[in-house]
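Undergrad: turn this into a structure:
(2 chains)
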Amino acid sequence: MKTLRVGAIFLIIGISLSLATIMRNRTLSTGVQSHPIGLFGPLLLEPRETIVVLRDVSPEWNLTLSLVNAQDWTPPESFEEADAKALESVSTFKLTGLKKFDTVIFMVDIRGLYYILTTISTGEFTGKTELVVEQRGIANDMWWASLVLLASGIVVVIGDRAKTLRKHNITKH
Amino acid sequence: MTGKLRELIAWELQENWAFPILELILAVSIIQVLPIVSFYRGYNDVSKPFWPAMTFVFSISAAIIFGRSFAESIEKRKFIVLLSYPVSRVQVFVAKFLANFTSTFLVFGSILLIEGISLFMFTPGTSTVVDYAKDMGLAPTIWGLMFLSLFLIVFFTSSLMTILALAIKRLGLSILVFLTYIFGVQYWVTSGGNYKALQAALSLNIGPHAVVRYLTGWYYNILGIGRTSTEYTTQFFTATLGYLFVCGIVCLIVSLIIIRRIDLD
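TA: Below is the predicted model:
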């Protein structure tokens, strides 16, 4: 009986979590982010599709957009001290040859806190920059967690029922 | 804890949290809380959406759990059966309240913990380069205060439902009165749209957020890392704390008096 209850709890949590994951499957937008240099964050990003639009940037050509996990970089006291080249070297995603109004779509691998930076060809930060950041689609990690819980719940419930049936058959014979 | 009290608590947990009560509360809480997504960890962006999503779940759960535990036990004469054992009325009351309050707090607490983990609220931030994230370093403090607010709200709803269940002695009617009061107050304080007026402290979604917001702002200011607004006034914060904690204590004491004098037949 206790095993069955544990299975039922796993099953219910799995179903609820999968429903919650589907409910989160809406576009999450930061709106327009504006900063004196091309360094944004830390933003809380999930493992799902991410869209970044270079709404306004100076200079307008030959830009690089990078994504840096906050774990890989300790921010300095003021943003003037931030080293763009050092940041670019630890980036988890990088796209070069961009220009103003370009849209970049990429997939974040692991849930975490991230910095988004825009740099120019010399490796320095861009000047005043405006970005639009959006996330859409199902958060992969939550989806997998819900499936694992669901599967565990089903296995425990079926296992318990099979055990009960076997006991019942032995008693009958 | 005495052996008798432990046995009473175990009996109460088995009786009142039987299938499907725990499962239902877990399911509704997960569906209400986990769809909350945020790009930031600031106290405005992270703590605010949790309370409106949970007000409904807190109220319904407290109504069912404490209503079944007290009103239904009297209605179905389970209380009299329990008292036929060598236990006092106060012992039964304490065991019931303690078992249900602790379990309710643990269920909601674990949901809050999971939400906190998914939002990286237990990772302290460092000094940051960007203005809007200046409160990043306070993430664990903000989430710690969320647990304080959760404790206050669970304590208040539990005590209020307990007193109503004991005074009315009918499950259905006590739930009706409790929910009418909670959602009536909720509608009354938010219908004007003035969320900063003193009566808004009575709201189960504005009050707890005000506790988190005020104490985070206060903590930020005494740390000496800068000045920030507490958003809510000291008067508003005191009113919230008074309503949730002092009213909870008063309801609990009155419930204890009622249980000693109540006619159970």
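
Undergrad: helix or strand: which one has the closest residue to B:Leu166 other than its chain neighbours?
TA: Spatial nearest neighbour of B:Leu166, excluding adjacent residues (CB to CB, 6 or more residues apart in numbering or on different chains): B:Ile258 at 4.6 Å. Any C-beta I mention is one placed from the backbone N, CA and C, and that applies to glycine too. Here B:Ile258 is covered by helix B:247-261, with elements defined by DSSP states H and E.

Undergrad: just the residues contacting that helix, thanks.
TA: If you take CB atoms under 8 Å, 6 or more residues apart in numbering or on different chains as the criterion, helix B:247-261 is touched by B:89-90, B:92-93, B:97, B:152, B:155-156, B:158-160, B:162-163, B:166-167.

Undergrad: next, the buried residues of that helix.
TA: B:Cys247, B:Gly248, B:Cys251, B:Leu252, B:Ser255, B:Leu256, B:Ile258, B:Ile259 (16 or more other CB atoms under 10 Å in any protein chain shown).

Undergrad: what's the average pLDDT for it?
TA: Helix B:247-261 carries an average pLDDT of 96.

Undergrad: restricting to C-alpha, output it in PDB.
TA: C-alpha atoms of helix B:247-261 as PDB (Å, rounded to 0.1, in the frame of the first residue of the first chain):
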ATOM      1  CA  CYS B 247      -4.300  37.500  14.500                       C
ATOM      2  CA  GLY B 248      -3.000  33.900  14.000                       C
ATOM      3  CA  ILE B 249      -1.900  33.800  17.700                       C
ATOM      4  CA  VAL B 250      -5.200  35.200  18.900                       C
ATOM      5  CA  CYS B 251      -7.200  32.700  16.800                       C
ATOM      6  CA  LEU B 252      -5.000  29.800  18.200                       C
ATOM      7  CA  ILE B 253      -5.500  30.900  21.800                       C
ATOM      8  CA  VAL B 254      -9.300  31.400  21.400                       C
ATOM      9  CA  SER B 255      -9.400  27.900  19.700                       C
ATOM     10  CA  LEU B 256      -7.700  26.400  22.700                       C
ATOM     11  CA  ILE B 257     -10.300  28.000  25.000                       C
ATOM     12  CA  ILE B 258     -13.100  26.800  22.700                       C
ATOM     13  CA  ILE B 259     -11.800  23.200  22.700                       C
ATOM     14  CA  ARG B 260     -11.800  23.100  26.500                       C
ATOM     15  CA  ARG B 261     -15.400  24.300  26.800                       C
END
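
Undergrad: out of the contacts of helix B:247-261, which is nearest to B:Gly217?
TA: Of all the contacts of helix B:247-261, B:Leu152 has the smallest distance to B:Gly217: 17.8 Å, by CB to CB.

Undergrad: measure stretch A:27-44 end to end?
TA: Using CA to CA, to the nearest Å, the end-to-end distance of stretch A:27-44 comes to 14 Å.
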